[in-house]
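turn this into a structure:
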Amino acid sequence: YSTLVSMTSALENNNKEKNILVYHLLLSNNFDMRKISYFESLKNDYDFVLNYFKIPPVFKYIGKRWRSTETVEYKLLLSLIYPDIPRMIFLDGDTLIFTDISEMYNLDFKDNYLLGYPYHTADALDKWDPEDFKIYVNGGVLLFNIDKMRRDNMDLKLLLFHGLNYTRTHFLEQDSLNYVYKNKIGLLPLKYG
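Numbering: from 1, shown residues only. Sure thing, here's the model as predicted:
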């Protein structure tokens, strides 16, 4: 339900004259597909495109810790799932959007793999050398440069790092993204956060 609220907030604030929002819902293999009707029902009030993908349990054997679902790790697969999409705003389902996000979508990456918001917590960095991170960003709101990730073959590097370092990570995919992309992470302007 929080994802429905998040989507509605973006649709309410979208500049309908200039943009059509395209949503890509990444669903766990055990997602109850009857719930798709809830998302489809938003089309009664808003004009948008909805795609959804059931992801096979690719992270099943890595293990589980404090987060109870592997869906948080799906953002590690973006360049593999979307071979033709150049960039993407990734929003966790618990976000609220208060403005048109098209300007954020079109930001200059300046050769970075992703843009995000700084995240400062000892838990995030206690298992790493502080030199490992120039910037450490939160994984809940990210702008991904999927073209660059794909061109530089980062998908395999990211997945290998994640699998080999899973026990070192505290925030799972967030640690892996920050470590692998460490010198190619930029900050989103505060007005979007």
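
can you name the element that comes right after the one helix or strand in the chain whose mean pLDDT sits lowest?
Sorted by mean pLDDT, DSSP states H and E, the helices and strands of the chain end with helix 122-125, the least confident at a mean of 59. Per DSSP states H and E, the first helix or strand lying C-terminal to helix 122-125 is strand 141-144.

what does that following strand rub up against?
With contacts defined as Cβ atoms under 8 Å, 6 or more residues apart in numbering, strand 141-144 is touched by 75, 78, 87-92, 95, 104-105, 107, 109, 113-117, 177, 188, 192-193. Just so you know, the C-beta spots here come from the backbone N, C-alpha and C atoms, and that holds for glycine as well.

filter these down to the ones in helices?
The helices, defined by DSSP state H, take in L78, M104, Y105, L177 from these.

just the buried residues from those, in ChimeraX please.
Only the buried entries of those go into this ChimeraX selection, using 16 or more other Cβ atoms under 10 Å:
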select :78,104,177
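
include distance to D32 and pLDDT when you put the ones in helices among the contacts of strand 141-144 into JSON lines, please.
Listed next are the ones in helices among the contacts of strand 141-144 as JSON lines, based on distance: Cβ to Cβ, whole Å; pLDDT from 0 to 100:
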{"residue": "L78", "distance to D32": "24", "pLDDT": "89"}
{"residue": "M104", "distance to D32": "31", "pLDDT": "94"}
{"residue": "Y105", "distance to D32": "30", "pLDDT": "94"}
{"residue": "L177", "distance to D32": "28", "pLDDT": "92"}
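
could I get the ones in helices among the contacts of strand 141-144 as CSV with distance to M33?
Shown next, in CSV, are the ones in helices among the contacts of strand 141-144 (distance: Cβ to Cβ, whole Å):
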residue, distance to M33
L78, 22
M104, 31
Y105, 28
L177, 29
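
what is the nearest of the ones in helices among the contacts of strand 141-144 to N153?
Distances from N153 to the ones in helices among the contacts of strand 141-144, taken as Cβ to Cβ, are shortest for L78 (13.8 Å).

any idea how far that closest one lies from E40?
Between L78 and E40 the computed distance is 23 Å (Cβ to Cβ, to the nearest Å).

same thing with V141?
From V141 to E40 the distance is 25 Å (Cβ to Cβ).

more crowded one of these two?
For V141 versus E40, neighbours defined as other Cβ atoms under 10 Å are more numerous around V141 (20 against 11).

quick check: which element contains G186?
Using DSSP H and E, G186 falls within strand 185-187.

no no, F53
Counting by DSSP H and E, F53 is part of strand 48-55.

quick one: strands adjacent to that strand?
In the sheet, strand 48-55 lines up against strand 21-28 (parallel) (DSSP bridges).

tell me which residues in the partner strand are buried?
Buried residues in strand 21-28 (16+ other Cβ under 10 Å): L21, Y23, L26, L27.

show me what whichever helix or strand comes after it is in contact with.
Reading on from strand 21-28 to the C-terminus, the next helix or strand found by DSSP H and E is helix 36-41. For helix 36-41, the external contacting residues (Cβ under 8 Å, 6+ apart) are T3, L4, M7, Y23, L25, L50, Y52.
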